[in-house]
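>>> coordinates only, sequence not included:
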């Protein structure tokens with residue numbers, strides 16, 4: 001009984017593809033916010049084309065005959081886009097930025113500047129094939145003991161073959177603050193006993209990942225360490241100064257056979273985004289942490305139910321994405337940057353900027 005399931009102001013009728021299919025076959029009415037019996041329909045009054053007019057032909061099943069492959073068989077004759085468009089408030093199938101009668105979701109040139117949207121955005125790859133996390137797959141290692149624990153790592157990150165498909169940048173050398181390197185529990189400045197103290201003192205170990213064109217999930221941190229009653233806090237931010245951040249874990253760690261794994265909260269990482277991962281350490285009295293590993297996997301459909309297909313670009317930083325900006329670089333040229341012909345009194349003249 002909700003005419004706008006995702007609350008974006010665009011009726012389900014439109015976002016599910018009903019109107020697109022049956023524009024000339026059915027008539028529509030503007031919405032009322034409640035039914036005659038007072039049931040809230042989840043949309044403001046007066047929203048255009050929210051319901052099929054009651055004057056249309058309906059069979060015994062209550063579905064308009066014009067939407068069925070045959071009257072009363074209950075099989076829709078249109079391709080439904082309900083799941084992908086009507087259940088996500090970030091997807092609005094009513095928006096027509098250039099007013100050409102083709103909604104942006106179906107328009108290959110949203111601002112009618114003659115430049116395809118595919119050239120003015122970054123495409124998102126919704127496929128994912130990261131190997132399942134285990135001792136060698138799905139993990140990116142850092143080494144801090146000159147290759148003794150992780151011979152393939154040496155002083156830099158060990159980058160498995162899949163990593164270049166999902167990350168455009170991975171920090172080569174971790175940033176260490178408030179402790180000696182290699183990352184040593186015995187060399188921590190101020191010897192914090194709680195993660196709150198570690199945060200206040202700036203005692204952390206930080207790496208940076210920039211995602212490529214796919215969604216990925218950061219779900220695992222593991223390391224080798226001397227047994228101790230240590231505590232770790234894991235914060236992630238898209239701001240290098242961590243003015244805002246998300247805490248994925250803040251608790252003690254369990255060490256087994258010199259190895260510790262942090263059961264942190266999983267984080268879905270968006271495409272084309274830089275993430276800073278910071279580990280705060282407290283109460284570790286061992287000698288060193290060898291080869292910390294960061295684990296990644298593919299997202300589930302529940303984690304990314306309606307993935308975007310592109311990411312906007314704003315070249316000139318004016319708050320307007322290139323696909324809706326007639327002057328993407330902010331120097332008063334776009335259409336005029338395309339060579340054109342002008343008609344002079346007695347001849348055609350080729351003009352580059354006129």
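Cool, the structure landed. All figures in this text were calculated on a predicted structure; none of them were measured in a lab.

>>> make it CA atoms for all contacts and neighbour counts henceforth
Noted.

>>> now the strands for the stretch 251-354 of the chain?
Under the criterion DSSP state E, counting those that start in this stretch, the stretch 251-354 of the chain carries strands at the ranges 255-256, 259-262, 267-269, 274-282, 289-297, 310-312, 340-343, 348-351.

>>> Tell me which residues of the fourth one come out buried.
Within strand 274-282, the residues that count as buried by 16 or more other CA atoms under 10 Å are 274-282.

>>> got a list of contacts for it?
Outside strand 274-282, the residues that touch it by CA atoms under 8 Å, 6 or more residues apart in numbering are 191-195, 197-199, 202-211, 230-240.

>>> average pLDDT for it?
Averaging pLDDT along strand 274-282 gives 90.

>>> What strands flank it, and is each parallel or antiparallel?
Sheet pairing of strand 274-282 (DSSP bridges) gives strand 204-211 (antiparallel), strand 231-237 (antiparallel).

>>> Could you save those strands as a markdown table and add columns showing mean neighbour count, mean pLDDT and distance to residue 66?
Below are these laid out as a markdown table (neighbours: other CA atoms under 10 Å; pLDDT from 0 to 100; distance: least, CA to CA, whole Å):
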| stretch | mean neighbour count | mean pLDDT | distance to residue 66 |
| --- | --- | --- | --- |
| strand 204-211 | 20 | 90 | 46 |
| strand 231-237 | 21 | 92 | 51 |
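
>>> just for this protein, where's the confidence low?
Flagging of the chain using pLDDT under 70 yields the residue ranges 23-25, 31-45, 133-137, 142-158, 179-191, 224-229, 255-260, 284-291, 330-354.

>>> center of it, which residue is that?
By CA atoms, centre = their mean, the chain has its centre lying nearest to residue 270, at 3.1 Å.

>>> OK, contacts around the residue nearest to it when sequence neighbours are not counted?
Nearest-residue entry for residue 270: residue 215, 5.1 Å, with adjacent residues in sequence omitted and distances by CA to CA, 6 or more residues apart in numbering. Residue 215 sits next to 125-126, 128, 268-271, 298-299 when contact means CA under 8 Å, 6+ apart.

>>> Could you do residue 238 as well?
Going by CA under 8 Å, 6+ apart, residue 238 touches 245, 273-276.

>>> farthest pair in those?
Greatest spacing in those, by CA to CA: 245 and 273 (14.3 Å).

>>> ok, residue 294 to residue 326 distance?
If you measure residue 294 against residue 326 using CA to CA, to the nearest Å, the figure is 42 Å.

>>> Tell me how many other residues surround residue 305.
Taking other CA atoms under 10 Å as the neighbour definition, residue 305 ends up with a count of 13.

>>> What distance do you get for it to residue 268?
12 Å.

>>> Same check on residue 197?
28 Å.

>>> Residue 317 now?
From residue 317 to residue 268 the distance is 26 Å (CA to CA).

>>> likewise residue 162?
Distance from residue 162 to residue 268, counting by CA to CA: 18 Å.
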